[in-house]
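Enquirer: Next come a sequence and a model predicted from it.
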Amino acid sequence: MKPKTPHPTANPQPEGTLTIESSEAADLLTRTQIWETLAPFLTKECTLSEAAETLGIKLSTLSYRIGKLVRLGLLQVVREEARPGRAIKYYRSSASRFFVPFRLTSNVSLEALLETLYAPIQALALRELARNIMALSEEFDIPEIGLNLYPSSEGRAGVGGTIGPKTQDSLAFLELAKDPRMPAVFSTMGTLRLDRDAAKELQHELLQLFQRYLTREQGQKPGYLLQLGLIPLSGER
C-alpha cells in the first residue's frame, strides 16, 4: 500500500534544509526527546526495530513518537520490504536539517527557548564535573570539598566551589588541575572587566583556540565536553 502523503508542515530549502511552518511541528522539535528520536533517521533510512535498538528504548515507545513525526511530515516511509505478513517499513527524515522559527514555538521568550536548548548539555556538564571531582578527591587525597562564601570585589557575596576550609577562593582547584598527574578537567566562570576592544580580542582568541583543537580530534570516545561563552552583561542581576 502506498504511504499516505504527510500533512504539509515544512517548506524545503536548498542543501536539505526544511523550514518548519506549523506551530505543532515547531513545538515538537523543541523537545530533547524528539531530537534523540530523529537522530537515527537523519543520515540514513532505518526500520523502527533498528532505531529502537540504537536508542535503547522500547519499540512501542518509539512507534508512538514516530507516528507524530510522520503525521507532521518530519519523517517519511522511503521504502517497504515485502515479507509474509506485514511489510517492513524503512523510514528517513524529510531532510537532514530542520529550521524551527522561534515565532512558531510556544516559548514565551527567547530565554525560555535557550533554556530548553542548553538544559541537557548543562545537566551533562554538572553530572560529569561532579563525578570527576569526587573521583579526584579520593585518588589525590584532596581536602574536604564544599562551598566558599566570601565578600566579592563588587560588594556582593561571592560563592564558589573549593577544596578545603583554608582555601580563599575557587582558583585553588584550577591550580591543582595544572598538576601533570591530574586528568584534563576543570570548570570556571567569572566576570571580566574589559572594554569592547579587549573583549573582542578575547573572543577572537577563544574561537581560534576552539577551532585549533577541533581540527586535532582523534576520534577518542567518550571525549571531553568543552563549553565556551563570552556574554556582555547588562548590569542587572
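Expert: Nice, I can see it. Numbering: from 1, shown residues only.
Enquirer: quick one, domains of this structure?
Expert: Following automatic domain parsing, one gets these domains for the chain: 10-104, 125-191, 193-232.
Enquirer: nearest to residue 114, of those domains?
Expert: For those, proximity to residue 114 was assessed by Cβ to Cβ; domain 10-104 is nearest, at 9.8 Å. Yep, even glycine has a C-beta here, placed from its N, CA and C like the rest.
Enquirer: could you dump stretch 37-56 to CSV, C-alpha only?
Expert: Output of stretch 37-56 as CSV, limited to C-alpha atoms (Å, rounded to 0.1, in the frame of the first residue of the first chain):
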residue,chain,number,x,y,z
THR,A,37,14.2,10.1,18.2
LEU,A,38,15.1,11.7,14.9
ALA,A,39,18.8,11.1,15.2
PRO,A,40,19.0,7.6,13.6
PHE,A,41,16.9,8.8,10.6
LEU,A,42,18.9,12.0,9.8
THR,A,43,21.6,10.4,7.7
LYS,A,44,20.2,7.1,6.6
GLU,A,45,17.0,5.0,6.2
CYS,A,46,16.2,2.9,9.2
THR,A,47,13.5,0.5,10.4
LEU,A,48,11.8,1.1,13.7
SER,A,49,13.4,-2.0,15.3
GLU,A,50,16.9,-0.8,14.2
ALA,A,51,16.2,2.7,15.6
ALA,A,52,14.8,1.3,18.9
GLU,A,53,17.9,-0.8,19.4
THR,A,54,20.2,2.2,18.6
LEU,A,55,18.3,4.5,21.0
GLY,A,56,17.9,1.8,23.7
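Enquirer: So what touches it?
Expert: Residues outside stretch 37-56 that contact it (Cβ atoms under 8 Å, 6 or more residues apart in numbering) are 36, 58-59, 61-63, 65-66, 69, 74-75, 78-79, 88-93, 96.
Enquirer: re earlier: single out the most deeply packed of the domains of the chain.
Expert: domain 10-104 (a mean of 15; mean count of other Cβ atoms under 10 Å).
Enquirer: ok, back up a step: return the subset of the contacts of stretch 37-56 lying in helices.
Expert: 36, 59, 61-63, 65-66, 69 (DSSP state H).
Enquirer: And those, which is closest to residue 197?
Expert: Nearest to residue 197 among those, with distances taken as Cβ to Cβ, is residue 36, at 42.2 Å.
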